[in-house]
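In: With the sequence up front, the predicted model follows.
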Amino acid sequence: MDKAAVNLLICPHCGGDLRENGASLICSKGHTANIARQGYVSLLGRDSGTHTADSAEMIAARERFLDRDHFSPLFDVVRDMSAGASDGAVLDIGSGTGHYLALALDANPGVPGIGVDNSKYAARRTARCHERATAVVADIWDSIPVRDEAATLMLNVFAPRNGDEMERILAPDGILIVVTPQSRHLNELIDRFGMVSVDPDKEERLERSLGALAELSESRELEWTMALDRESVRDLVAMGPSAGRMAEDDLDAAIQALDEVTSVTAAVTVTKTSSEGSEERE
C-alpha cells in the first residue's frame with residue numbers, strides 16, 4: 001500500500017494512527033486490520049454497516065459501462081476541476097470502480113489517493129485503478145477513517161454524503177467536488193426499466209448534507225446525449241440502485257425491444273467548493 005496514504009489513515013476503533021506491519025495495518029493499541037490479497041484494507045468500525053454495499057455484479061457492470069467512455073464529458077470536467085491538489089491527498093468518498101479517483105490522481109502527479117467505499121468489490125477495483133490509489137472499506141455513515149484536514153481534494157460522485165465527516169477531513173484550503181444527477185438524467189430509461197428517479201428535492205438535500213461547505217460552493221450543469229447499444233443499456237441499468245428491480249426475463253425482453261442504438265440523456269450537476277472561503281471555516 002502507498003506509505004503516504006497509510007500515514008493518513010486512522011484506526012476505526014480508537015482513532016489512533018496506523019502503520020503498516022507486514023500484511024496488516026496496526027495502531028498503538030494493537031487494533032489490527034488485515035490487508036486483503038486484492039490490495040485493499042477493511043477499516044469498518046463496531047457500528048459500521050455494509051447492507052447497502054454494491055454487489056460484485058453492480059461493480060462489474062459499472063466498470064464495463066465507464067470503460068466505454070459514455071461519461072467522457074463528465075470525466076473531462078472532473079479531471080480539469082481536480083488539478084491543483086499539490087499537498088495532502090485525494091480522497092474519493094464512495095469510490096466505486098475508482099475511475100474518478102484515477103482521473104484526479106492523473107491531474108495531480110505525486111499526490112497519494114484514498115478511495116473509500118462500503119463495498120469490498122468496489123475496493124478491489126479501486127485498489128488497481130491507479131498506482132497511487134489506496135482502497136479502504138469503510139462505512140461513511142459511521143466514520144471515515146482518515147485524519148483531520150488530510151484531504152486537499154475530495155471527490156463525491158453519485159455517492160452518499162456525510163457532511164460532518166467531509167468537513168472534518170477536508171483541508172482549510174481544500175477542494176470538494178460533488179457530482180449529483182439532475183431530474184433529466186437517464187430520463188429515457190426510467191419508466192421503461194423501472195429505475196429509481198431523481199428526488200425533486202435532491203438539490204436541497206445536497207445543501208443540507210454539505211452543511212457549512214455548501215456556503216462555499218459553485219455549480220456547473222452538464223448535459224449530453226449518449227448513444228448506447230443494448231449491452232451498454234443493460235450495464236447502465238445493472239450498475240446503480242435500480243439493479244435487480246426487474247425480473248431477469250422482463251429485463252431481457254425490455255433490452256431486446258430497444259433499437260440497436262438508443263439515445264439517452266445524461267444530466268448532472270458538478271458542485272465545487274471555493275478555496276477562497278477557507279478563512280471563513282477557521
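Out: All right, it came through fine.
In: ok, which stretches of the stretch 1-150 of the chain are strands?
Out: Remark: strands assigned in the stretch 1-150 of the chain by DSSP state E, counting those that start in this stretch are 18-21, 24-27, 32-34, 41-42, 89-93, 113-117, 133-137.
In: Let's see the fifth one as PDB, backbone CA atoms only.
Out: The C-alpha coordinates for strand 89-93 follow below in PDB (Å, rounded to 0.1, in the frame of the first residue of the first chain):
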ATOM      1  CA  ALA A  89      -4.100  13.700  -0.500                       C
ATOM      2  CA  VAL A  90      -7.000  13.000  -2.800                       C
ATOM      3  CA  LEU A  91      -9.900  11.300  -1.100                       C
ATOM      4  CA  ASP A  92     -12.800   9.800  -3.000                       C
ATOM      5  CA  ILE A  93     -15.800   9.100  -0.800                       C
END
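In: For G240, report the pLDDT, please.
Out: With respect to pLDDT, G240 scores 85.
In: Return the residues in contact with it.
Out: M58, R62, F158, M195, V196 (Cβ atoms under 8 Å, 6 or more residues apart in numbering). From N, CA and C alone the C-beta is placed, and that goes for glycine too.
In: try it again with 10 Å
Out: D54, M58, A61, R62, F65, F158, P181, L186, M195, V196 (Cβ atoms under 10 Å, 6 or more residues apart in numbering).
In: so which strand or helix has it?
Out: Under the criterion DSSP states H and E, no helix or strand holds G240.
In: Distance of it relative to V233?
Out: 12 Å (Cβ to Cβ, to the nearest Å).
In: Now a ChimeraX select for only the buried ones of the contacts of G240.
Out: To isolate the buried members of the contacts of G240 in ChimeraX, using 16 or more other Cβ atoms under 10 Å:
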select :54,58,61,62,65,158,181,186,195
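In: Right, I'll call it a day here.
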